[in-house]
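Undergrad: just coords:
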């Protein structure tokens, strides 16, 4: 169990550019979550996958955001036409539905700065 | 719908003193409750969780929390603070939804 990993750890981009983040969950976990955390706040839910199916999306997830989990393993989160308000820490978490009430395990996050 | 309120965005204690971080929740269904800790520029680490059963839950690093349904509270305590406990602490609830709803966090400072 190597834990949840996220890449890159830091990303600086200019407004209007597209960015993509990757999350590799714990290998036996079938559920994967994305959260966004702004400075001084708790994480806010963005979206959730069970295997490859995206089952829920927050209204925070505008049409500029898209997430995929094509083979039910790693996931990507893409932000198109970035805005300064997208600057935040993007956290990924994974859990297993087969272990009863699941606990979500978090990765180290990707910190995005939009200039 | 579910929500979490953490009272006190900043708490300072002396090393060796009691740590008490407050969390109140609302949930339309029996909640599952969590405390996570976050060190600077890192992800969240689970301290402890309440699902069902015993209302006093013990976690890592000497922390514990008690679920009080009548008070809708899940306060986090540690008898004796250590310098390494300085971090941000988040209380979270999950209920009918899979996702966690977090409080806004409490920054704990431990004074020598």
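TA: Here it is on my side, so go on. Note that the structure is a prediction, hence the values are computed from the model and not measured.

Undergrad: Could you use CA atoms for every contact and neighbour count after this?
TA: Will do.

Undergrad: got the residue ranges for the strands in chain B?
TA: B:2-7, B:10-14, B:19-27, B:32-38, B:44-50, B:56-58, B:64-68, B:73-78, B:87-94, B:101-102, B:106-111 (DSSP state E).

Undergrad: what do you get for chain A?
TA: Using DSSP E, strands in chain A cover A:5-7, A:10-13, A:19-24, A:31-37, A:44-50, A:53-57, A:65-68, A:75-79, A:88-95, A:105-106, A:110-114.

Undergrad: Can you redo the ones you listed as JSON lines, where the extra columns are distance to chain B?
TA: Putting the strands of chain A into JSON lines (distance: least, C-alpha to the nearest C-alpha, whole Å) gives the following:
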{"stretch": "strand A:5-7", "distance to chain B": "10"}
{"stretch": "strand A:10-13", "distance to chain B": "10"}
{"stretch": "strand A:19-24", "distance to chain B": "13"}
{"stretch": "strand A:31-37", "distance to chain B": "8"}
{"stretch": "strand A:44-50", "distance to chain B": "7"}
{"stretch": "strand A:53-57", "distance to chain B": "9"}
{"stretch": "strand A:65-68", "distance to chain B": "16"}
{"stretch": "strand A:75-79", "distance to chain B": "17"}
{"stretch": "strand A:88-95", "distance to chain B": "7"}
{"stretch": "strand A:105-106", "distance to chain B": "6"}
{"stretch": "strand A:110-114", "distance to chain B": "8"}
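
Undergrad: tell me the pLDDT at the one residue in chain A that gets nearest to chain B?
TA: Nearest residue of chain A to chain B (C-alpha to the nearest C-alpha) works out as residue A:108 at 4.0 Å. You'll see residue A:108 listed with a pLDDT of 94.

Undergrad: That one - nearest residue in space that isn't next to it in sequence?
TA: Among residues not flanking residue A:108 along the chain, residue B:43 sits closest, at 4.0 Å (C-alpha to C-alpha, 6 or more residues apart in numbering or on different chains).

Undergrad: Check what pLDDT that neighbour gets.
TA: 87.

Undergrad: Let me know whether it touches residue A:106 as I believe.
TA: Yes: at 5.9 Å, residue B:43 and residue A:106 qualify as touching, with contact defined as C-alpha atoms under 8 Å.
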